[in-house]
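Asks: this one's sequence-less:
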Ligand SMILES: Cc1cc2nc3c(=O)[nH]c(=O)nc-3n(C[C@H](O)[C@H](O)[C@H](O)COP(=O)(O)O)c2cc1C
Ligand SMILES: O=C(O)C(=O)c1ccccc1
């Protein structure tokens, strides 16, 4: 593969019938392609959605200060995090319920990520069981995102299955002990789990199944009972920092904690044994009125002071946004809605297109700002505008 920036030439050379280029274009096309309920689920956020908006406006307060005449001809975006090599410091964020977006569901991001050499973070709330996602793309690299259920036995089972299936890290999401107040979904009375989507990892889990009176596939009533059991299991508000040690004892994989905003919490999860941190407010989908994730990043980076990698998500919309997050100390970023809109627009091809556009823009912005490698970005690469 050449530079990701070469993708620009491919786009100019095509017949003009192609997919949208920008985030906004992908969003509009996805809106047209998806049911109103499914689009609302993806696009929506918590409460007044001001945190989702703040995630974006926070990027407007930072400006890159381009450097010139620094020979940027030999660019290399690749990096390795927690032992996982990746073609660029950009991951597909864990997103549940892909089946409401496109029939190819999780197989599309898995294939797109594998083709591009990116890490696919697979959600606990996938419709396709995690083993099937892995075996369909044996060359792909993937991490497993854990929603720690109510019973430890089930949590341990999920983690063990992921490790056995070749997942290379566990991403423990800690900002969702309950699904938040989401007015768009509430207005539609839409919670997709109620139709049995997004629970493939539970329906196939031996521990989960042992708790059911009959197999979920035996009848509609049995499926309904399984969905009831799922909703009793999902979300564990009892968790504390002390529980992390138990998760660490169940797996030899690195554990990355997702959903950290406060410097004190960053210190506490590190003391509890976390191998990495993802600064995130879940794309504004959990705490309405929460601080923009980007504004939390420098505080967390300072608290961590290089002890472990700090990753970032919530609000990445273009290549320049990636530069800003890396300049503020992130080792990599995750993107959520961006790839999901690609999925809605064109399945696997759409995800790959969306990610290639983002990576091409990132590569060009990096070079044009005077950097050959992402690791060269630092606090001097950006200034804060009032
Ligand atoms: C439709 C949707 C479903 C999501 N599902 C999950 C999930 O299952 N697990 C998780 O940790 N985060 C989930 N997230 C949050 C993303 O991982 C990520 O934090 C967020 O989308 C980043 O913000 P962005 O959309 O602005 O890039 C979801 C986000 C969306 C939009
Ligand atoms: O919708 C979400 O943001 C989300 O994280 C989620 C929560 C529960 C199940 C699936 C996805």
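Replies: Received, thanks. The structure displayed is predicted, hence computed values, not measured ones. Ligands and ions are numbered 1, 2, ... in the order given.
Asks: who does the residue lying closest to residue 375 once chain neighbours are set aside bridge with?
Replies: Leaving aside its sequence neighbours, residue 375 sits nearest to residue 79 (Cβ to Cβ, 6 or more residues apart in numbering; 7.4 Å). Where C-beta positions appear, they are placed from N, C-alpha and C, glycine not excepted. Residues in a beta bridge with residue 79, per DSSP bridges, are residue 86.
Asks: ok, and what's touching the host helix or strand of residue 171?
Replies: According to DSSP states H and E, residue 171 maps onto strand 170-173. Outside strand 170-173, the residues that touch it by Cβ atoms under 8 Å, 6 or more residues apart in numbering are 94, 121, 143-148, 159, 162, 244, 247, 251, 253-259, 278, 282.
Asks: double-check residue 33 against residue 343; I have them as touching.
Replies: No - the pair residue 33 / residue 343 is not scored as a contact, 9.7 Å apart, by Cβ atoms under 8 Å.
Asks: the two: who's more crowded?
Replies: With neighbours defined as other Cβ atoms under 10 Å, residue 33 and residue 343 compare such that residue 343 has more, 29 against 17.
Asks: the more buried one against residue 103, yeah?
Replies: No - Residue 343 lies out of contact with residue 103 (Cβ under 8 Å); the separation is 10.3 Å.
Asks: from the contacts of strand 170-173, which are also near ligand 2?
Replies: With Cβ under 6 Å from any ligand atom as the criterion, the contacts of strand 170-173 include residue 282 near ligand 2.
Asks: from the contacts of strand 170-173, which land in strands?
Replies: Judged by DSSP state E, strands contain the following of the contacts of strand 170-173: 121, 143-146, 255-259, 278.
Asks: and the strands in the stretch 1-150 of the chain?
Replies: Remark: strands assigned in the stretch 1-150 of the chain by DSSP state E, counting those that start in this stretch are 62-64, 79-81, 84-86, 90-92, 119-122, 141-146.
Asks: the stretch 251-386 of the chain now?
Replies: Along the stretch 251-386 of the chain, counting by DSSP E, counting those that start in this stretch, strands occupy 255-260, 276-279, 310-312, 332-335, 382-384.
Asks: turn the ones you listed into JSON lines, including mean neighbour count and mean pLDDT.
Replies: Listed next are the strands of the stretch 251-386 of the chain as JSON lines, based on neighbours: other Cβ atoms under 10 Å; pLDDT from 0 to 100:
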{"stretch": "strand 255-260", "mean neighbour count": "25", "mean pLDDT": "99"}
{"stretch": "strand 276-279", "mean neighbour count": "28", "mean pLDDT": "99"}
{"stretch": "strand 310-312", "mean neighbour count": "27", "mean pLDDT": "99"}
{"stretch": "strand 332-335", "mean neighbour count": "26", "mean pLDDT": "99"}
{"stretch": "strand 382-384", "mean neighbour count": "14", "mean pLDDT": "98"}
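Asks: now those strands as TSV including distance to residue 360?
Replies: As requested, those are arranged in TSV below (distance: least, Cβ to Cβ, whole Å):
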stretch	distance to residue 360
strand 255-260	27
strand 276-279	24
strand 310-312	20
strand 332-335	14
strand 382-384	21
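Asks: of those strands, which is nearest residue 169?
Replies: strand 255-260 (5.7 Å; Cβ to Cβ).
Asks: show me what the closest one is packed against.
Replies: If you count contacts as 3 or more Cβ pairs under 8 Å, 6 or more residues apart in numbering; DSSP states H and E, strand 255-260 packs onto strand 170-173, helix 244-250, helix 263-271, strand 276-279.
Asks: can you check which of the ones you listed gets nearest to ligand 1?
Replies: In terms of Cβ to the nearest ligand atom, the element of the helices and strands packed on strand 255-260 nearest to ligand 1 is strand 170-173, at 3.5 Å.
Asks: the closest one pairs with which strands, parallel or anti?
Replies: Sheet pairing of strand 170-173 (DSSP bridges) gives strand 141-146 (parallel), strand 255-260 (parallel).
Asks: in TSV, list those strands along with distance to residue 222.
Replies: Converted to TSV, these look like this (distance: least, Cβ to Cβ, whole Å):
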stretch	distance to residue 222
strand 141-146	26
strand 255-260	33
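Asks: distance of the residue nearest to the spatial centre of the chain from residue 173?
Replies: In the chain, the centroid-proximal residue (Cα atoms, centre = their mean) is residue 93; its distance is 1.2 Å. Residue 93 sits 10 Å away from residue 173 when distances are taken as Cβ to Cβ, to the nearest Å.
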